[in-house]
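Asker: sequence plus predicted model, see below.
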Amino acid sequence: QVQLVESGGGLVQAGGSLRLSCAASGRTFNNYAMGWFRQAPGKGREFVAAINWSGGRTWYADSVKGRFTISRDNAKNTAALQMNSLKPEDTAVYYCAGSRGTYTTAAFYNYWGQGTQVTVSS
């Protein structure tokens, strides 16, 4: 089992920045790729970004490319999502997730955090 806990969400004005963190415990963190997903009210869970086990490869949704950066620190068992130039449409609950492979589809992720709310005001 891998336990994931997100932090860093909050309320920010459009154009602002937030940094989300995901702390992992349990099985060896660097065996797992990490992903960030988000879910807005009334919508399905949407892929945001993913990073492979070593941190050497990253993937982004087109909607966040150039604004968000995913990273990980295997020594600290943490992953992060730096979000810049935030827009009101980025408002959602953000989840970190772990998987043996690197995927952009939520269904392939085995482990999930509880989520952290990000609200961007216009």
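Answerer: Received, thanks. None of these values were measured; they are calculated from a predicted model.
Asker: what's the helix or strand for the residue most central in space within the chain?
Answerer: Against the mean C-alpha coordinate of the chain, by C-alpha atoms, centre = their mean, the closest residue is residue 36 at 2.4 Å. Residue 36 is part of strand 33-39 when elements are defined by DSSP states H and E.
Asker: quick one: strands adjacent to whichever helix or strand comes after that strand?
Answerer: Once strand 33-39 ends, the next helix or strand along the chain (criterion: DSSP H and E) is strand 46-51. Applying DSSP bridges, strand 46-51 is found paired with strand 33-39 (antiparallel), strand 58-60 (antiparallel).
Asker: from the rest of the structure, what touches strand 46-51?
Answerer: Residues outside strand 46-51 that contact it (C-beta atoms under 8 Å, 6 or more residues apart in numbering): 33-40, 57-61, 64, 68-72, 79, 81, 92, 94, 102-106. Heads up, the C-betas are built off the backbone N, CA and C, glycines and all.
Asker: just the buried members of the residues you listed?
Answerer: Taking 16 or more other C-beta atoms under 10 Å as the criterion, what is buried in those is 33-38, 59-61, 64, 68-70, 72, 79, 81, 92, 94, 102-103, 106.
Asker: so what does residue 87 have for phi and psi?
Answerer: Main-chain torsions, residue 87, degrees, to the nearest 10: phi -120, psi 160.
Asker: do you know the pLDDT at it?
Answerer: pLDDT for residue 87: 98.
Asker: what are the buried residues along stretch 74-91?
Answerer: Buried residues in stretch 74-91 (16+ other C-beta under 10 Å): 74, 77-81, 83, 86, 90-91.
Asker: again with stretch 45-63
Answerer: 45-51, 53, 55, 59-61.
Asker: again with stretch 93-101
Answerer: Across stretch 93-101, burial judged by 16+ other C-beta under 10 Å covers 93-99.
Asker: and what of stretch 107-116?
Answerer: For stretch 107-116, by 16+ other C-beta under 10 Å, it's 109, 111-113, 115-116.
Asker: I'd like the residues you listed as JSON lines, with pLDDT and secondary structure appended.
Answerer: Output for the buried residues of stretch 107-116, formatted as JSON lines (pLDDT from 0 to 100; DSSP: H, G, I helix; E, B strand; the rest coil):
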{"residue": "109", "pLDDT": "95", "secondary structure": "coil"}
{"residue": "111", "pLDDT": "94", "secondary structure": "strand"}
{"residue": "112", "pLDDT": "97", "secondary structure": "strand"}
{"residue": "113", "pLDDT": "97", "secondary structure": "coil"}
{"residue": "115", "pLDDT": "97", "secondary structure": "coil"}
{"residue": "116", "pLDDT": "98", "secondary structure": "strand"}
